[in-house]
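J.: Starting from these lines, generate the structure:
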Amino acid sequence: MVALVAALAGCALGARSAPDAAAPGIADALGQATSAVETATLTADLLDEGRLSPAAADTALLDALRVVADADDALTTLVPPDEAAAGLRDEALDAVGAASAAVVGARAWVNGVAGDRAAVTEQLGSAGDALDELSARLGASS
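T.: Sure, this is the predicted structure:
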C-alpha cells in the first residue's frame, strides 16, 4: 500500500510541472494563438478584398478559434514549477484570451452580426502585438 501511494504521489504534478517544461509549453501556446490571429487577419483581408466568400471566411475563423482554444487548454492544464512561471502562464492566458476575443470579433464581423473592418483590424493587431511582446520576453529570458 505504501509503495502504491509513493508511486502515485510521484505522478501528482505531472510532466508539465517540471521546470524545463513550463517555458516551452507557454511558448508553444503563444505560437498557436499567434497563428490563429494571423489566420484571422489574413481571412479578414481576403474577405475585404473580395477574394474569399463569407462562408469560407467563417470556416477559417472557426478553425482559428479551435486553435486558440487549444492554446488556452495547454495553458490552463500547465502546472508551473514556481511563482515566476505561474506569472508568465497567467500573462499568456490573458494574451490568449485577448486573441480569442479578437477572433470572435472578426467572426461576428464576417457574419454581419457586429463590428466593422476597422475595429476588427485594431483588435486583431492589438492581440497579435500582445502575443508577440510576451513571446519575445519569454524568448529573451530562456
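J.: Can you show me the strands along this protein?
T.: Taking DSSP state E as the test, none of the chain falls into strands.
J.: hey, which helix or strand in it has the poorest pLDDT?
T.: helix 2-10 (a mean of 44; mean pLDDT, DSSP states H and E).
J.: Pick out the residue nearest the middle of this structure.
T.: Closest to where the C-alpha atoms of the chain average out (Cα atoms, centre = their mean) is Ala33, at 3.1 Å.
J.: From Ala136, how far off is it?
T.: 14 Å (Cβ to Cβ, to the nearest Å). To be clear about C-beta, it is placed using only N, CA and C from the backbone, and glycine gets the same treatment.
J.: Leu30 now?
T.: The spacing between Leu30 and Ala136, counted by Cβ to Cβ, is 10 Å.
J.: what does Asp63 give?
T.: Asp63 is 26 Å from Ala136, by Cβ to Cβ.
J.: if we can go back for a sec, okay, the residue nearest to the centre of the chain: pLDDT?
T.: pLDDT, Ala33: 98.
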